[in-house]
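1. Everything below, folded, please.
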Amino acid sequence: MLIIGIAGGTGSGKTSVARSIMDKMGNNDAVLISQDSYYLDHAELTMEEREQINYDHPNAFDNELLLKHLSALRSGQSVDIPVYDFTVHARSTATELVEPKQVVLVEGLHVLSDENLRSGLDIKVFVDTDADIRILRRVVRDIQERGRSLQSVVDQYMMTVKPMHDAFIEPSKKHADIIIPEGAENQIGISMLTTLTDRYRKHGKL
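-> Take a look at the predicted model:
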């Protein structure tokens, strides 16, 4: 099994990069896991309390569970990953069954920030996109998909998103094996990753 970690700032295009690779490989050979599914559950808190949590800090994620699931997949076992509901800042009662595939793609803000998580990856990728583009994508996504107001998106960006990007995400770029500027629009970068995954599928090694 080949596990590829894809990190990058909010709105950088890391999910689009992962999906582009998935489209080229097909669902029979690859599976995509989002680190967002592994936000720690705070259902015991009130909605107002949950809204005050810094969701952009590395400690906001249950990386221990994510690593446990990656280890299980590598050993050929299926896993039930959490389903996170961003509208209420808590995990749903539902889970998603993920079965082992030749290639596992893991995308998320802090995939490269955590040393233990990095150790579970075979290829480490960082998607590097201009900050202006990233914030515009963030605004559109949070308003259209997550029910946020414009003011709440701006407040969160200034209070946690940008500071956490500067403190943790940008520095994690140094751990990347491959840096892809401009996300899925970089077809050369996508082709390079696809070539690596094809080589692994055919020969069992990079």
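
2. what's the straight distance from one end of stretch 170-189 to the other?
-> 19 Å (Cα to Cα, to the nearest Å).

3. For the helix or strand of the chain with the lowest mean pLDDT, buried residues please.
-> Every helix and strand of the chain was ranked by mean pLDDT, DSSP states H and E. The lowest is helix 131-146, at a mean of 80. Along helix 131-146, the positions that meet the burial threshold by neighbour count (16 or more other Cβ atoms under 10 Å) are 134-135, 137-139, 141-142. All C-beta spots, glycine's among them, are computed from the backbone N, C-alpha and C.

4. now the nearest residue to Val88 once chain neighbours are set aside: how far from Asn116?
-> Using Cβ to Cβ, 6 or more residues apart in numbering and skipping residues adjacent in sequence, the residue nearest Val88 is Met47, 6.7 Å away. With the distance defined as Cβ to Cβ, to the nearest Å, Met47 ends up 31 Å from Asn116.

5. Same question for Thr93.
-> Plainly put, Thr93 is 28 Å away from Asn116 if you go by Cβ to Cβ.

6. same question for stretch 191-203, mean pLDDT?
-> For stretch 191-203, the per-residue pLDDT values average out at 83.

7. where's Gly9 relative to His165, distance?
-> Gly9 sits 5 Å away from His165 when distances are taken as Cβ to Cβ.

8. out of those two, which sits in the busier spot?
-> Between Gly9 and His165, counting by other Cβ atoms under 10 Å, Gly9 is the more crowded of the two (27 against 20).

9. Over stretch 7-25, what's the mean pLDDT, rounded is fine.
-> For stretch 7-25, mean pLDDT rounds to 88.

10. Tell me where this structure has helices.
-> For the chain, the helices defined by DSSP state H cover 14-25, 47-50, 63-74, 115-119, 131-146, 150-156, 162-164, 187-203.
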